[in-house]
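Engineer: Sharing a model that was predicted from the sequence below.
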Amino acid sequence: MPAVSKGDGMRGLAVFISDIRNCKSKEAEIKRINKELANIRSKFKGDKALDGYSKKKYVCKLLFIFLLGHDIDFGHMEAVNLLSSNKYTEKQIGYLFISVLVNSNSELIRLINNAIKNDLSSRNPTFMCLALHCIANVGSREMAEAFAGEIPRILVAGDTMDSVKQSAALCLLRLYKTSPDLVLMGEWTSRVVHLLNDQHMGVVTAAISLITCLSQKNPDEFKTCVSLAVSRLSRIVSSASTDLQDYTYYFVPAPWLSCKLLRLLQCYPPPEDGAVKGRLVECLETILNKAQEPPKSKKVQHSNAKNAILFEAISLIIHYDSEPNLLVRACNQLGQFLQHRETNLRYLALESMCTLASSEFSHEAVKTHIETVINALKTERDVSVRQRAADLLYAMCDRSNAKQIVAEMLSYLETADYSIREEMVLKVAILAEKYAVDYSWYVDTILNLIRIAGDYVSEEVWYRVIQIVINRDDVQGYAAKTVFEALQAPACHENMVKVGGYILGEFGNLIAGDPRSSPLVQFNLLHSKFHLCSVPTRALLLSAYIKFINLFPETKSTIQEVLRSDSQIRNSDVELQQRAVEYLKLSSIASTDVLATVLEEMPPFPERESSILAKLKKKKGPGAVSVNELEEGKREGGELNGGGERGGDSSAIAASNASTPSPSADLLGLRTGPPVTAAAPSAGSLLVDVFSEAGVNDDGFLRDLEPPTESSDSLLAEGPGDSDSAPPTVVSEDPAPPLPESNELLNKFVCKNNGVLFENQLLQIGIKSEYRQNLGRMYLFYGNKTSVQFLNVQAKPVEPLIEGGAQVQQVINIECLSDFMEAPLLNIKFRYGGALQNLTLKLPVTINKFFQPTEMASHDFFQRWKQLSQPQQEAQKIFKANHAMDTEVLKAKLLGLGMALLENVDPNPENFVCAGVIQTKAQQVGSLLRLEPNAQAQMYRLTLRSSKDTVSKRLCELLAEQF
């Protein structure tokens, strides 16, 4: 690159920057900028033609003003003119201005492309590099269309200089990442791969970044790169630091290139060619040997470069998982890092060993470090390192050390950081179940878990222990005795009460022979906890009481007295009141035989994978459970019960049928829907199939939501012609455009979740939905209002025919991955009287559905309000009232929005303020709302502030239509 001569300094620019820095206030700065803009504008419009230096100076000033945050709406043509200059500094400023200020929709893009083409064909390496840098910086689709065919030719041309090849490789990589469909290597593939043999190390380094990216998308086309990469890696690893002086970094030869080569090799399986594989194994052994050598420098840069190559080599060894000797050596090397003084190295060692623990070749070697890992769990200062230590303990656990590891994790739980307790609880529960030979130990472990960390024991965990107790006759008596003793503690967690209520309600008779746990003692013990519990737990206890009447007739009068009390049959909660009345009546009028039939013992649950695993899958990182681990657990410890998941997701909202759950864990029981016709749960069952991936009903019961056996990837699909001739197809090829009234129908559901979405003379579509955090479940009811059948409505799980006057149900599971603006479309096609009916609606899924209400005091609200004071964070709208200004209606709508309505916060009692957090998988978006009604003028002012500007605008648009 040519040096900038002394005469190229721009004094006018320096003076202007100095003036800006010396401004005492924002107003003074704006005044100075406006003065300069007026001067530049007059110069550009003046009669006198400007020379290249003046254009360069003024364009530089415009660029500086833009970087200060001010809009620039002129000067673009002058910057384009600079591209045709033969002076490097003028051309450089022109390209810089275009890279920063010109967007892909600009009218000047054709002129810019012509200038770039001229520079690319000029054979001047400096100008070619400037042009390539500009293409990469802009990186638009238009640039890719114009130059994607030209750049590979420059890259592989024999007469292209090395510096240009480097720029061309990186430019092509940028275009491939933005527009992969336009960058077609085709005939250039083999020549690009052979750049790995280039003499210039800079070209190889740039080319390997491009090849790695291309290999990830098209591995077969670039598989010839493996042998060349091994050859190049071998030359680097075996060379002395003096051989590659220009590319040696603190005595480490070409560390960046070595890491990239090792990463490229991880895109492919082990080489099939014996010679290539032998050479690669030799390289990996050399890297492991060098890690043992004393350092050649005490500088941290030396150890960083050396360890970067080592960890990348270990990643490749783990990826291949075929060389036992290398795997064990890698494990031993990582073991040395577990006690290293550098926290980062300890973290990386624990993380890599988590992966090594899953290999059959290195699992035993990893287990030898158990004491060091346990010590790290207890003594590490950094919470992230402690979390990785917990992950490693989980990964290295097997039948031989399960009791030791579970005991250590339980011990650590008492002092563990709150941020990792939930994950620790899940892991302890899974390990206790997976390696339980003696199920009394399993029961003790879970009850201990509830005692130590009850707040973090999710429903999946206590559901699990109940299922296992019900399915195993040999542990039922022990479980009843243990839980009875646990309930005697003065401070007892509510989850313990739930487990106790369920188990004693089912198996209390097994310990009733002991006077210390007689039926009346059991009942009094449970009832002493009743007033301390939440409504769902009280509902469960009432069900346990009616079970007691069946198990122990002598307790009937005592329990009926409790059910008859005003606190039950006149309870303000309708669910508790209904249960008390129904159970009282059932116990009064039913004969002993009827009571025994209705309240019979729960049957064993069907065997399936553990539902706790599904929850742990949401936790990313090495500790997450894989399907392979689960299968291994089945082989070692017998069949496990529960439910696992797998599936796919989409961009902003992932929606699926009940039979195609998404990959993240079902934390809320919202993922799996019921079959189209689900039998009502037996009145006698306390909890019906609690381990299906089911949600909790409003009435407190857990319904049996068995997933359908077949799945469909579409929301609604239409079949071709007669339903008997072919199965329905997936997704319409030509869906109708959304109905004109789609937005109006959507707005009806912004503040409510249930209702009729659409109705005409043929079809009625009803909706019932529920949302928790970033997950939702929607029930769609398709009603046939005619007397004839609808054909080919949808593939399973919706029935392919809807009889006249009948209704079918479909369940859609929803996951919010990130904030979104547009509602998803629902395309419905069916046949009526031989004619195809085709309509498209907007599914009422809006961003506010994922609100989690947040209670805030007045001080906290206005402090947060001031923090969200950036102009882009606020959206405001003043509008005329569309409906009567009724305070109660306004409150109901704001609550329906999903935010918390904050009382006595705003100084003006007429105003409404709300707070909430939108839960998405990618991030959480805090939002504050202020609604100021003006009854006299029949107007509203609505203000929304969010940590993300798009959310504020969308919420403002949605809400303005509601009042």
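Structural biologist: Thanks, I have it. Residues are numbered from 1 along each chain as shown.
Engineer: buried set for stretch 933-952?
Structural biologist: 933, 940, 942-948, 950-952 (16 or more other C-beta atoms under 10 Å). C-beta here means a position set from N, CA and C on the backbone, and glycine is covered the same way.
Engineer: Now, those that are in strands?
Structural biologist: Cross-referencing these against strands under DSSP state E gives 933, 940, 942-946.
Engineer: Would you reformat those residues as a markdown table and include pLDDT?
Structural biologist: Below are those laid out as a markdown table (pLDDT from 0 to 100):
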| residue | pLDDT |
| --- | --- |
| Pro933 | 89 |
| Tyr940 | 89 |
| Leu942 | 90 |
| Thr943 | 90 |
| Leu944 | 90 |
| Arg945 | 89 |
| Ser946 | 90 |
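Engineer: Mind picking the two most distant members of these?
Structural biologist: The span of these, defined through C-beta to C-beta, is set by Pro933 and Ser946 at 21.6 Å.
Engineer: in the protein, which segments are predicted with low confidence?
Structural biologist: Applying pLDDT under 70 to the chain flags the ranges 1-8, 47, 104-106, 240-243, 245, 607-734, 787-806, 833-834.
Engineer: picking that back up, mind giving me CSV with the ones in strands among the buried residues of stretch 933-952 and columns for distance to Val437?
Structural biologist: CSV is the format used below for those (distance: C-beta to C-beta, whole Å):
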residue, distance to Val437
Pro933, 67
Tyr940, 66
Leu942, 62
Thr943, 62
Leu944, 57
Arg945, 57
Ser946, 53
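Engineer: Closest one of those residues to Gln301?
Structural biologist: Taking these together and measuring to Gln301 by C-beta to C-beta, the closest member is Ser946, at 42.9 Å.
Engineer: So that closest one is in contact with Cys956, correct?
Structural biologist: No: the pair Ser946 / Cys956 is not scored as a contact, 9.6 Å apart, by C-beta atoms under 8 Å.
Engineer: Quick one: the helices in the stretch 151-300 of the chain, in order.
Structural biologist: Ranges of helices in the stretch 151-300 of the chain, per DSSP state H, counting those that start in this stretch, are 162-178, 189-193, 201-217, 225-238, 255-265, 274-292, 300-320.
Engineer: okay, these in TSV with mean neighbour count next?
Structural biologist: TSV is the format used below for the helices of the stretch 151-300 of the chain (neighbours: other C-beta atoms under 10 Å):
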stretch	mean neighbour count
helix 162-178	22
helix 189-193	18
helix 201-217	21
helix 225-238	21
helix 255-265	22
helix 274-292	16
helix 300-320	20
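Engineer: For Pro740, find the nearest of these.
Structural biologist: Comparing the helices of the stretch 151-300 of the chain against Pro740 with C-beta to C-beta, the closest turns out to be helix 162-178 (36.2 Å).
Engineer: Give the other helices and strands that that closest one contacts.
Structural biologist: Contact here means 3 or more C-beta pairs under 8 Å, 6 or more residues apart in numbering; DSSP states H and E; on that basis helix 162-178 packs against helix 125-138, helix 141-147, helix 150-156, helix 201-217.
Engineer: got the angle for that helix vs helix 201-217?
Structural biologist: Using axes from the mean of the first three to the mean of the last three C-alpha atoms, to 10 degrees, the direction of helix 162-178 lies 20 degrees away from that of helix 201-217.
Engineer: what about Leu929, which SS state?
Structural biologist: Three-state call for Leu929 (DSSP: H, G, I helix; E, B strand; the rest coil): strand.
Engineer: quick one, what contacts it?
Structural biologist: 894, 897, 899, 912-915, 942-944, 955, 959 (C-beta atoms under 8 Å, 6 or more residues apart in numbering).
Engineer: taking the residues you listed one by one, which sit in helices?
Structural biologist: Assignment to helices by DSSP state H places the following of these there: 894, 897, 955, 959.
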